[in-house]
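Asks: Need a 3D model of the following:
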Amino acid sequence: MKRWIPFVKSGPRVAVVRLQGAISNSGRRLDDVSLAPVIERAFRGKPDAVALQINSPGGSPVQSSLIAARIRRLADEKSIPVYAFVEDVAASGGYWLAAAADEIMIDRGSIVGSIGVISSGFGFADLIERYGVERRVYTAGTSKSQLDPFKAEKPEDVARLKGWLEDLHGYFIDHVKTRRGQRLKDGVDLFTGDIWIGPEAIEVGLADGIGHLVPTMKARFGPKVTFRRYEQKRSLFQRFGMSIAGDALAGLEERAAYARFGL
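Replies: Sure, this is the predicted structure:
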């Protein structure tokens, strides 16, 4: 009868949160505001563990940091272990999320790592000049129009951007070193933006073992463990396809992010 009594646990339970896709601040994919209620619900009711199903090529470093920090705060406050299960890829910001877990389990073909920061874009200065288009920009503040894609690059702007990227890279490295600690292999530069696959990732300390969610959790918590999944709710507009243009653009950006890893 215990299983019918509200708020009384009837056996081991694992809360599962799926983190699928590119990490952005668009509100359409993975971001802290959208995921906050999902993650908060997953930690309620004192589950025996929280499992993160991760399949992400990365994205916004700030959103990656915010999501990972939220997971760690709740895990520490409630003393609940967190396990990450990587599917195709947990690279760049995706690995930032995986490193928030106490253990990282992967598939033999999983791609992990890419611990670096990238900024990419296009320059259109020659194009608009060729068509006789004049760019008119008026600012108050000497740096307000820096990195304008319609103007020729300035060395000082590029140097400033590279400084920002180095700072963000340092934050990423600190996070990985704090979370992985002594598990990281000495003598291997893990922070070049390179990637590792399957057993190689385990060998250098970026992952802890080969394992899939259900059998691994059953091995840890017994064959009667139950799973409850928590996912982002789609808005009414998304469900009825009323954000087609934005979703199409986001989909292209996401495909490009996955393509960097041959996926």
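
Asks: Send me the helix or strand where Ser64 lies as PDB with only the CA atoms.
Replies: Assessed by DSSP states H and E, Ser64 sits inside helix 61-78. Provided in PDB are the C-alpha atoms of helix 61-78 (Å, rounded to 0.1, in the frame of the first residue of the first chain):
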ATOM      1  CA  PRO A  61      29.300  29.900 -23.000                       C
ATOM      2  CA  VAL A  62      27.300  32.000 -20.600                       C
ATOM      3  CA  GLN A  63      24.100  29.900 -20.900                       C
ATOM      4  CA  SER A  64      26.300  26.800 -20.500                       C
ATOM      5  CA  SER A  65      27.700  28.200 -17.300                       C
ATOM      6  CA  LEU A  66      24.300  29.200 -16.000                       C
ATOM      7  CA  ILE A  67      22.700  25.800 -16.700                       C
ATOM      8  CA  ALA A  68      25.700  23.900 -15.200                       C
ATOM      9  CA  ALA A  69      25.700  26.200 -12.100                       C
ATOM     10  CA  ARG A  70      22.000  25.600 -11.500                       C
ATOM     11  CA  ILE A  71      22.500  21.800 -11.700                       C
ATOM     12  CA  ARG A  72      25.500  22.000  -9.300                       C
ATOM     13  CA  ARG A  73      23.700  24.300  -6.800                       C
ATOM     14  CA  LEU A  74      20.600  21.900  -6.600                       C
ATOM     15  CA  ALA A  75      22.800  18.800  -6.400                       C
ATOM     16  CA  ASP A  76      24.900  20.200  -3.500                       C
ATOM     17  CA  GLU A  77      21.900  21.700  -1.600                       C
ATOM     18  CA  LYS A  78      19.900  18.400  -1.800                       C
END
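
Asks: Number the chain from 15, please
Replies: Will do, 15 is the new start, and the previous item becomes helix 75-92.

Asks: roughly how far out does that helix sit from the chain middle?
Replies: 11 Å (CA atoms, centre = their mean, to the nearest Å).

Asks: which other helices and strands contact that helix?
Replies: helix 46-57, strand 63-70, helix 107-112, helix 169-194 (3 or more CB pairs under 8 Å, 6 or more residues apart in numbering; DSSP states H and E). C-betas here are computed from N, CA, C, even on glycine.

Asks: Tell me which of those sits nearest to Thr230.
Replies: Closest to Thr230 of those is strand 63-70 (CB to CB; 8.6 Å).

Asks: The closest one: partners in the sheet, and parallel or antiparallel?
Replies: strand 27-34 (parallel), strand 96-105 (parallel) (DSSP bridges).

Asks: can you put the ones you listed in JSON lines and add mean neighbour count?
Replies: Below are these laid out as JSON lines (neighbours: other CB atoms under 10 Å):
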{"stretch": "strand 27-34", "mean neighbour count": "20"}
{"stretch": "strand 96-105", "mean neighbour count": "25"}
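
Asks: Let's have the ones you listed in a markdown table, adding distance to Gly225.
Replies: Output for these, formatted as a markdown table (distance: least, CB to CB, whole Å):
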| stretch | distance to Gly225 |
| --- | --- |
| strand 27-34 | 13 |
| strand 96-105 | 7 |
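
Asks: Any chance of JSON lines for those, columns mean pLDDT and distance to Glu214?
Replies: Output for the strands paired with strand 63-70, formatted as JSON lines (pLDDT from 0 to 100; distance: least, CB to CB, whole Å):
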{"stretch": "strand 27-34", "mean pLDDT": "96", "distance to Glu214": "23"}
{"stretch": "strand 96-105", "mean pLDDT": "97", "distance to Glu214": "13"}
